[in-house]
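> how would this look folded up:
(chains A, B, C and D)
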Number of protein chains: 2
Amino acid sequence: MTLKTSTPSRGRPRDPKKLESIVQTAKQLFSEHGFERISVDEIARQAGVTKATVYSYFGSKEALFGATVLHKVREEFALGEGQTLDPRSPEEGLQVIGKQFLSLIRRDDVLGAHRTLFSCAGVHPDLCEAFFRSAPFMVHAEVTRFFEACIEIGSMKNAIAADAADQFLSLHLGIGHIKAMLGLGKPDPAEDDRLVQRNINLIKQAYDLKSLPA
Amino acid sequence: MTLKTSTPSRGRPRDPKKLESIVQTAKQLFSEHGFERISVDEIARQAGVTKATVYSYFGSKEALFGATVLHKVREEFALGEGQTLDPRSPEEGLQVIGKQFLSLIRRDDVLGAHRTLFSCAGVHPDLCEAFFRSAPFMVHAEVTRFFEACIEIGSMKNAIAADAADQFLSLHLGIGHIKAMLGLGKPDPAEDDRLVQRNINLIKQAYDLKSLPA
DNA sequence: ATAATAATGTACTTGACAGTCTATTAAATA
DNA sequence: TATTTAATAGACTGTCAAGTACATTATTAT
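Okay, the predicted model is just below:
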């Protein structure tokens, strides 16, 4: 761990820009190439800093990895930023959620983060746990809350909110997402829109989604 | 590449057991730990062979990786082995497909293969392509054929077979699968059965699945 | 048997990379 | 301005792994 955050009164103070640069660079390179394929030298080089500086902030490559790969994931994976979803129009809500979720999981950095975290499954269980709680779980919880509201006011029927949320989200993780995770083919916005619509229709039929008057 | 398959008439012949041992060991270790975390020395050691022997079959670590990680995936990922699914009972068919698919994607070696392949997304595009065609794509195609048969005889309605297949399969790739990919939590057969049933119900309602008389 | 051929084993070379050491430089107080 | 404290730079070290070279051993054809 060994991250020195204290700013002592005497002596040369830390340059906050350097820390920021290290974190940003490391995050990007780890996500893009994975833990083992990136050297600390390379991170330092691209961050415009030397390795000693990196090691003065982070005591080891693992510590750097842990501290940076989870840096602000929660914010980056946030779905409904500012969006107020109206449970009286569940279909519209799902439009928003579906499109946002899909563009989220099509992003290169998000795909990279998943690849990188998956690849350290047995090796860094704590990191995987932290990632899970701050990314997939948060998104799921957010959608669950929306469905709870829908069920509450009766715009959705015969559903368990958490199950339906899992279903709606997972519907976007099929063949297309596997291709994306494997780095095959580029995202096709038109196809993705169709995907969202297809999945909304499924949920709509099964859970009897209805718009209610204001 | 440099895999010498020819068995010349003169000289010491290859020991087929050694090749088999190398391939098996490499496949297991690569799937379990990933490409970068496993050394050729380790593979050779566990295969009961020396590195020179490995290099006499495979010219490089990459060649070994490519040749072994895809070794018989098609067979291993096969879904309906011998099962004859009756499109007149679509719900039963989906029971079989869902359970088999779920136990497939819960297997450690299958999870490992996905992690390993995902992690070499940009690095070995050809491998990723080959994997995609022989595993996820094949499974999808298999389910698509079943749905086509259902649509044909009228036990399923308002569906595009390929879309519905993607939907049904992807429904099993939600939170639970992400946890598994991250190495968190152990598989829970009871929970998994519930998951399959939940997903069948969704498809059943949306596509009006009906059992037809024989 | 013996020569020919090729697989296997041992030891080596090379390079890369994690992590450290020491000197220098920048800032902040007195 | 002098002194102190710590950040930074660049060179250095030790380890580990990929790939190679050469010696040896096993097998087949003559």
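> And the residue nearest the centre of chain A?
Nearest to the mean C-alpha position of chain A, by Cα atoms, centre = their mean, lies residue A:77 at 3.6 Å.
> so that one makes contact with residue A:114?
No - the criterion here is Cβ atoms under 8 Å, and residue A:77 misses it with residue A:114 at 10.6 Å. To be clear about C-beta, it is placed using only N, CA and C from the backbone, and glycine gets the same treatment.
> Check the secondary structure at the closest residue in space to residue A:198 that isn't next to it in sequence for me.
The shortest distance from residue A:198 to any non-neighbouring residue, by Cβ to Cβ, 6 or more residues apart in numbering or on different chains, is to residue B:163 (5.8 Å). At residue B:163 the chain is in helix, as set by DSSP: H, G, I helix; E, B strand; the rest coil.
> One more: the one 5 residues further on?
Three-state assignment for residue B:168 (three-state DSSP): helix.
> residue contacts, it?
Taking Cβ atoms under 8 Å, 6 or more residues apart in numbering or on different chains, we find residue B:168 in contact with B:94, B:97-98, B:143, B:199, B:203.
> State the number of residues packed around residue A:75.
9 (other Cβ atoms under 10 Å in any protein chain shown).
> same thing with residue A:88?
The number of residues near residue A:88, taken as other Cβ under 10 Å, comes to 17.
> if we can go back for a sec, which ones among the contacts of residue B:168 map onto helices?
Judged by DSSP state H, helices contain the following of the contacts of residue B:168: B:94, B:97-98, B:143, B:199, B:203.
> So which helix or strand of chain A has the lowest pLDDT on average?
helix A:73-76 (a mean of 88; mean pLDDT, DSSP states H and E).
> wait, does that helix contact chain B?
No - figure legend: helix A:73-76 not in contact with chain B (Cβ under 8 Å from any Cβ of the partner chain); closest approach 13.2 Å.
> For that helix, list every residue counted as buried.
Across helix A:73-76, burial judged by 16 or more other Cβ atoms under 10 Å in any protein chain shown covers residue A:73.
> Then stretch A:163-179?
A:163-179.
> quick one: is stretch A:110-125 near chain B?
Yes - contact of stretch A:110-125 with chain B (Cβ under 8 Å from any Cβ) involves A:111, A:114-119, A:121-123, A:125.
> Of these - the most surrounded one?
Counting by other Cβ under 10 Å, top hit in the residues of stretch A:110-125 next to chain B: residue A:117 with 28 neighbours.
> Tell me the secondary structure of that residue, please.
Under three-state DSSP, residue A:117 falls in the helix class.
> Nearest spatial neighbour of it, chain-adjacent residues omitted?
residue A:131 (4.9 Å).
> residues contacting that neighbour?
Taking Cβ under 8 Å, 6+ apart as the test, what residue A:131 contacts is A:69-70, A:73, A:113, A:117, B:182.
> Nearest to DNA strand D among those residues?
residue A:69 (20.9 Å; Cβ to the nearest atom of the strand).
> Quick check, pLDDT for the closest one.
Residue A:69 carries a pLDDT score of 90 in this model.
> Number of residues surrounding it?
23.
> Identify the residue nearest it in space, chain neighbours excluded?
residue A:30 (5.3 Å).
> Equivalent analysis for residue A:137, please.
In space, and not counting its chain neighbours, residue A:137 is closest to residue B:175: 7.3 Å by Cβ to Cβ, 6+ apart.
> So that neighbour is in contact with residue A:173, correct?
No - using Cβ under 8 Å, residue B:175 is not in contact with residue A:173, being 10.3 Å away.
> Distance check, the residue nearest to residue A:137 against residue A:168.
Residue B:175 sits at a distance of 12 Å from residue A:168 (criterion: Cβ to Cβ, to the nearest Å).
> Same check on residue A:56?
Counting by Cβ to Cβ, the gap from residue A:56 to residue A:168 is 46 Å.
> One more: residue A:176?
Counting by Cβ to Cβ, the gap from residue A:176 to residue A:168 is 15 Å.
> Spell out whether the host helix or strand of the residue nearest to residue A:69 and DNA strand C are in contact.
In the assignment (DSSP states H and E), residue A:30 maps to helix A:16-33. No - with Cβ under 7 Å from any atom of the strand as the criterion, DNA strand C is not reached by helix A:16-33; the gap is at least 10.6 Å.
> Which elements pack onto the helix or strand just after that helix?
With elements assigned by DSSP H and E, the helix or strand that comes after helix A:16-33 is helix A:40-47. Judged by 3 or more Cβ pairs under 8 Å, 6 or more residues apart in numbering or on different chains; DSSP states H and E, the packing partners of helix A:40-47 are helix A:16-33, helix A:51-57, helix A:61-69.
> What helices and strands are in contact with the longest one?
Where contact means 3+ Cβ pairs under 8 Å, 6+ apart, helix A:16-33 is packed against helix A:40-47, helix A:51-57, helix A:61-69, helix A:108-119.
> Next one, pLDDT for the residue nearest to residue A:137 please.
On the pLDDT scale, residue B:175 gets 98.
> Ok, residue A:84 next?
So, for residue A:84, pLDDT stands at 84.
> Compute the number of surrounding residues for it.
When neighbours are counted by other Cβ under 10 Å, residue A:84 registers 7.
> List the residues that contact it.
Contacts of residue A:84 (Cβ under 8 Å, 6+ apart): none.
> what are the phi and psi angles of it?
phi -100, psi 110 (degrees, to the nearest 10).
> quick one: it and residue A:102, what's the gap?
From residue A:84 to residue A:102 the distance is 20 Å (Cβ to Cβ).
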